[in-house]
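# here are the coordinates; sequence isn't available:
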Ligand SMILES: [Zn+2]
């Protein structure tokens, strides 16, 4: 039976004097040390339920080493259902390593960073809407990249490289948690699950099973690897994430499904105006797998419609 400790870490006070807390849960002791952080984006709830399942499993398991969980890293965002922190509207996944004397979201990311950096491998759990589950690997070279791929690969789901450098920079992704941990030499990556404000319960299972697989790989629990069959898995490495954007406004009818492989310039969908007249055939100039579909039918120019996995 693993020892489970739950701790509330006070970050700041609200107007009424009550505290905004981070919830930290530690299972087991010693090494190896896994860090799991859930829902820095407050409208991404699937990971929380994955971690509940993990805790249910671990509380009756023998665990060697320790798992540190931050359950809901944007507590006020979760309460308000917002991606950003509701007070300062900061995207906290662009606010690492944080600042202990800074505004609330930066105090939170500072605290997260201090906890996460005391780990042998760190996984930042998110959701990406109507998608297959996937891991995102930040730009990293050499031995550390091999370590990241080794741990990420043990989980049994699709692995994608981050955006090309220009888009990676434009999105300020180097200020998210995994690259800041990579700078310290700690293997770290992002796990994207399906869902968002609405929990995807198949995705919950995938997240739970992927973490179990990582723990099996690290020799932390005595069970065998579990297969992931809830969603398609791209087994081959070397794919990168690309967004396929719209040029027109209108109503989108997608022609593809999650996991489909499509040749370049194949119509992925069609955008019609209110009269039903076709404004745009949505196409992409690269072949690849459909990893994510739009959440909405109404689209505007430059909306991210499809997420694709493409080989460089
Ligand atoms: Zn996110």
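Structure received. Note that the coordinates shown come from a computational prediction; the quantities given were computed from them, not determined experimentally.
# tell me where the longest helix sits in this protein.
helix 201-217 (DSSP state H).
# so for that one, what gets flagged as buried?
Neighbour-count burial for helix 201-217 flags 203-217 (criterion: 16 or more other Cβ atoms under 10 Å). For glycine as for every other residue, the C-beta is placed from the backbone atoms N, C-alpha and C.
# and the contacts of it?
Residues outside helix 201-217 that contact it (Cβ atoms under 8 Å, 6 or more residues apart in numbering): 34, 36, 46-47, 49-51, 53-54, 57, 63, 67, 121, 123, 125, 127, 133, 151, 154-157, 191, 193-195, 221, 223-226, 228, 230-231.
# how about the helices in this protein?
Under DSSP H, the chain gives helices at 46-58, 75-80, 104-116, 142-154, 165-170, 177-183, 201-217.
# and those helices as TSV, adding distance to the ion and mean pLDDT?
Shown next, in TSV, are the helices of the chain (distance: least, Cβ to the ion, whole Å; pLDDT from 0 to 100):
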stretch	distance to the ion	mean pLDDT
helix 46-58	9	98
helix 75-80	11	96
helix 104-116	13	98
helix 142-154	17	97
helix 165-170	15	88
helix 177-183	11	97
helix 201-217	13	98
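# nearest to residue 91, of the ones you listed?
Nearest of those to residue 91, taken as Cβ to Cβ: helix 104-116 at 8.5 Å.
# quick check: buried residues in that closest one?
For helix 104-116, the neighbour count (16+ other Cβ under 10 Å) marks 104-113, 115-116 as buried.
# ok, so of those residues, who is nearest residue 143?
Relative to residue 143, the closest of those is residue 116; by Cβ to Cβ it sits at 20.3 Å.
# was I right about the closest one contacting residue 35?
Yes. Counting by Cβ atoms under 8 Å, residue 35 is a contact partner of residue 116 at 4.6 Å.
# show me whatever sits in contact with both of these two.
Counting by Cβ under 8 Å, 6+ apart, the shared contacts of residue 116 and residue 35 are 70, 122.
# spit out the contact partners of residue 253.
Contacts for residue 253 (Cβ under 8 Å, 6+ apart) come out as 269-272, 297.
# show me what residue 33 is bridged to.
residue 66 (DSSP bridges).
# contacts only, for it.
65-68, 118-121.
# in PyMOL, select just the buried ones from the residues you listed.
Those of those that count as buried under 16+ other Cβ under 10 Å are selected in PyMOL with:
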select buried, resi 65+66+67+68+119+120+121
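# can I get the contacts of residue 33 in a markdown table with pLDDT?
Below are those laid out as a markdown table (pLDDT from 0 to 100):
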| residue | pLDDT |
| --- | --- |
| 65 | 97 |
| 66 | 98 |
| 67 | 98 |
| 68 | 98 |
| 118 | 97 |
| 119 | 98 |
| 120 | 98 |
| 121 | 98 |
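# among the contacts of residue 33, which one sits closest to residue 77?
residue 68 (20.8 Å).
# now the closest one: how far from residue 226?
22 Å (Cβ to Cβ, to the nearest Å).
# residues from the stretch 1-150 of the chain in reach of the ion?
By Cβ under 5 Å from the ion, the residues of the stretch 1-150 of the chain that approach the ion are 41, 44, 126.
# turn the helices of the chain into TSV, columns for distance to residue 5.
Putting these into TSV (distance: least, Cβ to Cβ, whole Å) gives the following:
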stretch	distance to residue 5
helix 46-58	12
helix 75-80	19
helix 104-116	13
helix 142-154	24
helix 165-170	37
helix 177-183	22
helix 201-217	18
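# quick one, which of those is nearest to residue 90?
With distances scored as Cβ to Cβ, the stretch of the helices of the chain nearest to residue 90 is helix 104-116 (4.0 Å).
# on contacts alone, who are the packing partners of that closest one?
Helix 104-116 sits against strand 4-13, strand 19-29, strand 33-38, strand 65-71, helix 177-183, with contacts defined as 3 or more Cβ pairs under 8 Å, 6 or more residues apart in numbering; DSSP states H and E.
# what about the strands in the stretch 151-300 of the chain?
Taking DSSP state E, counting those that start in this stretch as the criterion, the stretch 151-300 of the chain contains strands spanning 158-161, 188-193, 239-245, 250-254, 261-262, 269-272, 278-282, 288-293, 298-299.
# now distance to residue 29 too, for the ones you listed, in TSV please.
Output for those, formatted as TSV (distance: least, Cβ to Cβ, whole Å):
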stretch	distance to residue 29
strand 158-161	30
strand 188-193	22
strand 239-245	37
strand 250-254	48
strand 261-262	45
strand 269-272	51
strand 278-282	52
strand 288-293	38
strand 298-299	50
